[in-house]
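Colleague: I would like the atomic coordinates for the input below:
(chains A and B)
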Amino acid sequence: MHQNLDSRIQTLLKQKNWPTLTKIQEMSFPSISNGNNTLIIAPTGYGKTEAAVLPLFNQMINEDVKPVAVLYITPLKALINDLSLRIDWWASKLGLIVNRKHGEVPQKEKNLRLKHAPHILVTTPEGLEIDLDWASKFRDFYKNVRWVIIDEVHELINSKRGSQLAILLERLKYFTGRDFQRIGLSATVSNENLVADFLFGSSDRKRSIIKLEGKRDFQIKVKKIDNGSWEDAASSLISSIEPPSLIFTNSRFSTERLHEELEKLGQKDVFVHHSSISRDLKDMVEEKLRKNQSNAVICTKTLELGIHIGEIKKVIMFRPPPSVSSFLQRLGRSGHSVSGTPNGEIISMFDFDVLESLALCEMAKKGKVEKPIVDNSLDVVARELLGHLLQNQETKLEDFYKIVTGARAFSNLGIKTFMRMIDCLEANGLLKKEGDVLKLGPNFFRVWRFNREYKTIWCKDFSEFFSLINNNDTFSLRFEGKVIGEIDAVYVYKHIRVNDVIRISGKLWKVTRINVNKMSLDVVPENSRKGEIPIWRGENISKSYMIAKGESIILKEGKIDKKILDDKAYSSIKELTDFYKEKEIPFPSNSTIVLEKRDEEWVYSAIIDERISNTIAHIMLYLTSKRYTLSTYARASIYGFSIKGSPIDLLQELKDYDEEKMKAVIKKAILRSSLFIATLKEIQPSFGRLGRKIDPERDKFIVNEALRQTLRKYFSVKGTISFLKSIREEKISIVTYGGETPIGDAVVSHVPIRPWLIDIVESIYEALKGGAYTSSELAEVLGIPLKSLENKLKQLKKMSDKYKISSFIDVDSKEVRWVLVDDFQNIVNSDDYFTSFTPSNLEETFIALLKSADRESQIELIFKPKDIIQNPEDIKRRIPFEDIGELRVIDMNEMSYSTPLKFYGVSRQVIAYILLNATTYIQSVKFS
DNA sequence: GACCTGCTGCGGTCTG
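Modeller: Numbers count the residues shown, from 1 in each chain, chains lettered A, B, ... in the order given. Predicted coordinates:
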């Protein structure tokens, strides 16, 4: 027992039946009591929370502390609920008030805190954001904060959420005017000083890092099943399950699919847990785990960290996890107590799964974990500046600059960049600059709206201001008013119809109603039919460079740990290595590339950082789509890269680029990638730039920032340059092989990256210039499938502002031809198409029915071809709306039996020509 | 064919 502990706390320890403090609690006590900023590193289940809280209680009960004295921040709502109960057990007995705050805390409970201000407040980073920015009344209690505890720091450090929190802490310090003590709790990390820097920011306190080496002991078995067989996977799972087991997968789809197979095999009490299942159902599953009423739960990352889920006998990973840290987190979910040894198993589907599993074990045993990369995104800075202005109405420019640069993530933020950001925010009306004083601008509440009714596609609900987490649109599934789960909106539009049966949360549901406005599907349970598992589209989960490193070690040193492999796994890895030995080709590595050609696809296998593969793949895709064909794709992974459709070996060309040329090409390639477009879309609202139209000159700052973020996250310019340099200097050798290799298989098993649509738009525009073509002709010329081209043409016709296109009927061949609006007049006058715009009877009367693009207004025009030829401008004047959505032309004399000729998305500029074309066509059909 | 996380405060009015 710690001699410095107050007797009241000692009594409570006895009540809890804790004979001693745990080791980590003992270790951190002096440093926390001394007022040092302290980072505590230990695996889950070692009593980190009490390690942080007990020394604080010890001080609090002996001093007269004012609320809020302790701020406890943690990333999950479920953790808040858990922790506040756990802390309250001590606090209530010591006369201290605990309060929790997150989005699902009932309003009643939230209101309590103004009457009885808590000494300890447990909340999320977003909760703190809301309070500082917006809680005008409660905010004053924050002036008393003396201690801030940040839980699960390792979860936050890599993300925008983390840098948001880092700035918030600096804002809090500015607000309190006090250098409060900071305490961080973290799982094992590789670079603890970096984590400490991130956490302690501008604080001048002494720092200590208290670390309990987690045991690297674990039991692991690697199994292998037949390629891609879900049946095999399920029967293998059954033989592996030791109730209660956790089965981790890498996709929501796999959880549902495995559950389906297990059910077929008669398995009972197996449940599904992932982010698209409603909170209620997830709670139910967690409860089953805690009460030991389940044989197994199949889950995604949702159960990787966080709340206590009871004693797990065994952790099964269906296919290897994407990083060492996630491998350890997952493994750590079993043998949760201090003494237990984690017990786990990896089920491999492919031979490279076995290789990855071996690599994960190798790196984990050596204690190699991924290094965190601290996020320094400027949309976070912008958001924090606006929040600071919500709080203070105004701020001096240099004051806020000092606050931001106090956060370690932004200590390198130059004043020039900062000023460019200010200018951008001002240009978009989020800020007003008066001398060196900043105020909120007029557009702030246009971007973040209170009233949902006025919401347009681009503006955001006010509540979203406080969060930097980005989401796709989803439909919720409802049964009797209760939410079951969620499905991507795109998937609903494309695939779901009434009476379809969907499989989600391991159960079948029949769709009875699709409510597009409310974005919900009404469903009822269904038992008789087979259900379709929805596909949730997410971001590619990239594989850690640690896996690539581990694989290199294993292959170079021939270090295959037989003990952990089952027979099938061993023979699959043996076959893989034997292949290369027998064919006398070197194994792909970071110094050897094996090149093979599969049909039109150049496959380069190597074992390298995925970001290098991704960079090269994007450059090759850019060059191929620009020079040769749009019918192309590339692939990238830790197993190398590939390109389809290039007539030449592009790597030979790339290796001779100098650094400058390389950087320029990389930039062009990335600006066209969907990764960049998605990043741009994500950060736009933070800078107040609404709407689709991004102007590369006017919005230079935003474009550059999106580019920088995309580069940092998915690409490696430095790595690629040095990789190519090594090829040039022949430090990396390239071996060509005439057949198909196993690692080549791994390369082509990855999802193809296709050219971004913007390329297609430009190419269509280029191809159309000066001519009139049918869609099949265009598809042929551009090398894209006819269907995708036709879709694109229709879209273009509607949205076109830069690329205006139109179509007419070629009267001679009865085909539709596409043409640029700007070329229309020349086409009409050309010899080729002149006859398509020359009605045989100029005196005949026609009716044109026009609808506006928004379908709000509709008019009817009666005309003769003669009128149009004599005065083409007049017809334009007679149309009261700007955009014509639909045009129908009817022959007045034959109204009763002729079907009207329809045109969609007609540009006003060419309406006269289209009317002539329509009448010519109708007459030609009539007389033939 | 691909993970996860979060999301107004405050005071006033109305209803049973």
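
Colleague: how about low-confidence regions in the stretch 251-400 of chain A?
Modeller: For the stretch 251-400 of chain A, applying pLDDT under 70 flags the ranges A:336-339.

Colleague: interface residues of it facing DNA strand B?
Modeller: The stretch 251-400 of chain A comes close to DNA strand B at residues A:Ser251, A:Arg252, A:Phe253, A:Ser254, A:His274, A:Ser275, A:Ser276, A:Thr300, A:Lys301, A:Thr302, as judged by C-beta under 7 Å from any atom of the strand. No exception for glycine: its C-beta is placed from N, CA and C like everyone else's.

Colleague: repeat that with 10 Å
Modeller: By C-beta under 10 Å from any atom of the strand, the part of the stretch 251-400 of chain A that sits against DNA strand B consists of A:251-255, A:257, A:273-277, A:279, A:282, A:299-306, A:319, A:321-323, A:326.

Colleague: which of those residues are buried?
Modeller: Neighbour counting by 16 or more other C-beta atoms under 10 Å classes A:251-252, A:254-255, A:257, A:273-274, A:276-277, A:282, A:299-306, A:319, A:321-323, A:326 among those as buried.

Colleague: Among these, name the ones in helices.
Modeller: Per DSSP state H, helices hold the following members of those: A:Arg252, A:Ser254, A:Thr255, A:Arg257, A:Lys282, A:Ser326.

Colleague: The closest residue to DNA strand B within the stretch 401-550 of chain A: what secondary structure?
Modeller: Residue nearest to DNA strand B within the stretch 401-550 of chain A: A:Gly538 (2.3 Å; C-beta to the nearest atom of the strand). Three-state call for A:Gly538 (DSSP: H, G, I helix; E, B strand; the rest coil): coil.

Colleague: From A:Val747, how far off is it?
Modeller: Separation of A:Gly538 from A:Val747 (C-beta to C-beta, to the nearest Å) stands at 22 Å.

Colleague: what about those two, which has more around it?
Modeller: Using other C-beta atoms under 10 Å, the more surrounded residue of A:Gly538 and A:Val747 is A:Val747, with 27 against 11.

Colleague: Surely the more buried one is within a strand?
Modeller: No. In this structure, A:Val747 is helix, not part of a strand, as judged by three-state DSSP.

Colleague: Now do it, the pLDDT please.
Modeller: pLDDT, A:Val747: 97.

Colleague: need the contact list for it.
Modeller: Going by C-beta atoms under 8 Å, 6 or more residues apart in numbering, A:Val747 touches A:Val603, A:Tyr604, A:Ser605, A:Arg635, A:Ser637, A:Tyr639, A:Gly640, A:Phe641, A:Ser642.

Colleague: Try it again at 6 Å.
Modeller: Going by C-beta atoms under 6 Å, 6 or more residues apart in numbering, A:Val747 touches A:Val603, A:Ser605, A:Tyr639, A:Gly640, A:Ser642.

Colleague: Which one (most neighbours) among those?
Modeller: Neighbour counts for the contacts of A:Val747 peak at A:Tyr639, which has 31 neighbours (criterion: other C-beta under 10 Å).

Colleague: That one contacts A:Asp745, doesn't it?
Modeller: No. Using C-beta atoms under 6 Å, A:Tyr639 is not in contact with A:Asp745; the gap is 8.8 Å.

Colleague: Roughly how far does A:Ala234 sit from DNA strand B?
Modeller: Look at A:Ala234 and DNA strand B: by C-beta to the nearest atom of the strand, to the nearest Å, they are 17 Å apart.

Colleague: Can you classify that residue by secondary structure?
Modeller: Of the three states, A:Ala234 takes helix according to three-state DSSP.

Colleague: Next one: it, what pLDDT does it get?
Modeller: 94.

Colleague: from memory it sits against A:Glu261, does it?
Modeller: Yes. A:Ala234 is in contact with A:Glu261 according to C-beta under 6 Å; the separation is 3.4 Å.

Colleague: How about A:Leu630: what's its closest non-neighbour residue?
Modeller: Of all residues not flanking A:Leu630 in the chain, A:Ile784 sits nearest, at 4.9 Å (C-beta to C-beta, 6 or more residues apart in numbering).

Colleague: Burial check on the residue in the stretch 701-850 of chain A positioned nearest to DNA strand B, number of neighbours?
Modeller: Closest approach between the stretch 701-850 of chain A and DNA strand B, counting by C-beta to the nearest atom of the strand: A:Val751, at 4.1 Å. By other C-beta under 10 Å, the residues close to A:Val751 number 10.

Colleague: Would you confirm that A:Lys851 belongs to a helix?
Modeller: No. Membership of A:Lys851 in a helix is not supported by three-state DSSP, which gives strand.

Colleague: Now find how far off-centre the helix or strand A:Val925 falls within is within its chain.
Modeller: Using DSSP states H and E, A:Val925 sits within helix A:911-927. Remark: helix A:911-927 is offset 50 Å from the chain centroid, using C-alpha atoms, centre = their mean, to the nearest Å.

Colleague: which residues are in contact with that helix?
Modeller: By C-beta under 6 Å, 6+ apart, helix A:911-927 touches A:808-809, A:811, A:824, A:828, A:836-840, A:846, A:865, A:868, A:872, A:875, A:889, A:891, A:901, A:903, A:906.

Colleague: Selecting buried members of those residues in PyMOL, what would you type?
Modeller: Typed into PyMOL, the line below selects the buried ones among those, using 16+ other C-beta under 10 Å:
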select buried, chain A and resi 808+809+811+824+828+836+837+838+839+846+865+868+875+889+891+901+903+906
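
Colleague: Take the contacts of helix A:911-927 and keep only those in strands.
Modeller: Counting by DSSP state E, the part of the contacts of helix A:911-927 found in strands is A:Phe808, A:Ile809, A:Phe846, A:Val889, A:Asp891, A:Leu901, A:Phe903, A:Val906.

Colleague: residue boundaries of the strands in the stretch 751-900 of chain A?
Modeller: Using DSSP state E, counting those that start in this stretch, the strands found in the stretch 751-900 of chain A span residues A:805-810, A:815-820, A:846-852, A:858-863, A:884-891.

Colleague: So which of these is the most surrounded?
Modeller: Comparing the strands of the stretch 751-900 of chain A by mean neighbour count (mean count of other C-beta atoms under 10 Å), strand A:805-810 ranks first with a mean of 22.

Colleague: residues in contact with A:Ile514?
Modeller: For A:Ile514, the contact set (C-beta under 6 Å, 6+ apart) comprises A:Leu521.

Colleague: check whether the host helix or strand of it contacts DNA strand B.
Modeller: Per DSSP H and E: A:Ile514 is located in strand A:507-515. No. Strand A:507-515 lies apart from DNA strand B when judged by C-beta under 10 Å from any atom of the strand; the minimum separation is 17.1 Å.

Colleague: And the next helix or strand past that strand?
Modeller: With DSSP H and E, the next secondary element past strand A:507-515 is strand A:520-525.

Colleague: List the buried residues of that following strand.
Modeller: Within strand A:520-525, the residues that count as buried by 16+ other C-beta under 10 Å are A:Ser520, A:Leu521, A:Asp522, A:Val523.

Colleague: Likewise for stretch A:763-770?
Modeller: By neighbour count on 16+ other C-beta under 10 Å, the buried set for stretch A:763-770 is A:Ser763, A:Ile764, A:Tyr765, A:Leu768.

Colleague: Now, these that are in helices?
Modeller: Taking DSSP H, the ones among those that sit in helices are A:Ser763, A:Ile764, A:Tyr765, A:Leu768.

Colleague: Out of the contacts of A:Val747, which sit inside strands?
Modeller: Counted as lying in strands by DSSP E, out of those, are A:Val603, A:Ser605, A:Gly640, A:Ser642.

Colleague: Low-confidence bits of the stretch 1-150 of chain A, can you list those?
Modeller: Filtered on pLDDT under 70, the stretch 1-150 of chain A yields the residue ranges A:1-3.

Colleague: Around DNA strand B, pick out the residues from it.
Modeller: Counting by C-beta under 10 Å from any atom of the strand, the stretch 1-150 of chain A comes close to DNA strand B at A:74-81, A:100-105, A:107, A:110-111, A:113-115, A:123-131, A:133-141.
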